[in-house]
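Student: Got a sequence here, can you build the structure:
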Amino acid sequence: MGKEENPEQTAASSVGRASTPLTEAQFLSWKRHKDAEASASRTEAARKREEDIRAGTVQMNGRELFLHEPWVFDNDSY
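Tutor: Presented below is the predicted three-dimensional model:
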């Protein structure tokens, strides 16, 4: 009635997944490196987006429009 497990399939799925002990210091080092890469990637993407907005090659979203051209949202003239 339940799910039948095939021992050959289970053994094959665990091949190549030999785990090695990982110390907390190793994990924290990896995590800092990974976070630094992600931060650098986000910074580069934001810089590129800013350049594209200045060049007029991409359309601004609402937040970007509000930050760069706040006069568009001025309702004092009504």
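Student: and residue 65, how many residues sit next to it?
Tutor: Neighbours of residue 65 under the rule other Cβ atoms under 10 Å: 14. The way it works is simple: take the backbone N, C-alpha and C, and place the C-beta from them, glycine included.
Student: residues in contact with it?
Tutor: Going by Cβ atoms under 8 Å, 6 or more residues apart in numbering, residue 65 touches residue 72.
Student: Where does it sit, in terms of helix or strand?
Tutor: Assigned by DSSP states H and E, residue 65 belongs to helix 62-68.
Student: Distance of the residue nearest in space to the middle of the chain relative to residue 56?
Tutor: Nearest to the mean C-alpha position of the chain, by Cα atoms, centre = their mean, lies residue 38 at 6.6 Å. Going from residue 38 to residue 56 by Cβ to Cβ, to the nearest Å gives 29 Å.
Student: for residue 36, same thing?
Tutor: Residue 36 is 32 Å from residue 56, where distance means Cβ to Cβ.
Student: what's the answer for residue 45, then?
Tutor: 18 Å.
Student: For residue 35, give its distance to residue 41.
Tutor: On the measure of Cβ to Cβ, residue 35 and residue 41 end up 11 Å apart.
Student: just for the protein, where's the confidence low?
Tutor: Low-confidence segments of the chain, defined by pLDDT under 70: 1-16, 77-78.
Student: Any buried residues in the longest helix along it, and which?
Tutor: Counting by DSSP state H, the longest helix found in the chain is helix 24-55. The neighbour-count criterion (16 or more other Cβ atoms under 10 Å) identifies residue 53 as the buried residues of helix 24-55.
Student: quick one: it to chain centroid distance?
Tutor: Taking Cα atoms, centre = their mean, to the nearest Å, one finds the center of helix 24-55 at 9 Å from the center of the full chain.
Student: Kindly report the same for stretch 22-33.
Tutor: Using Cα atoms, centre = their mean, the offset of stretch 22-33 from its chain centre is 19 Å.
Student: Could you do stretch 52-70 as well?
Tutor: The answer for stretch 52-70 is 22 Å, by Cα atoms, centre = their mean.
Student: I appreciate the help and will end here.
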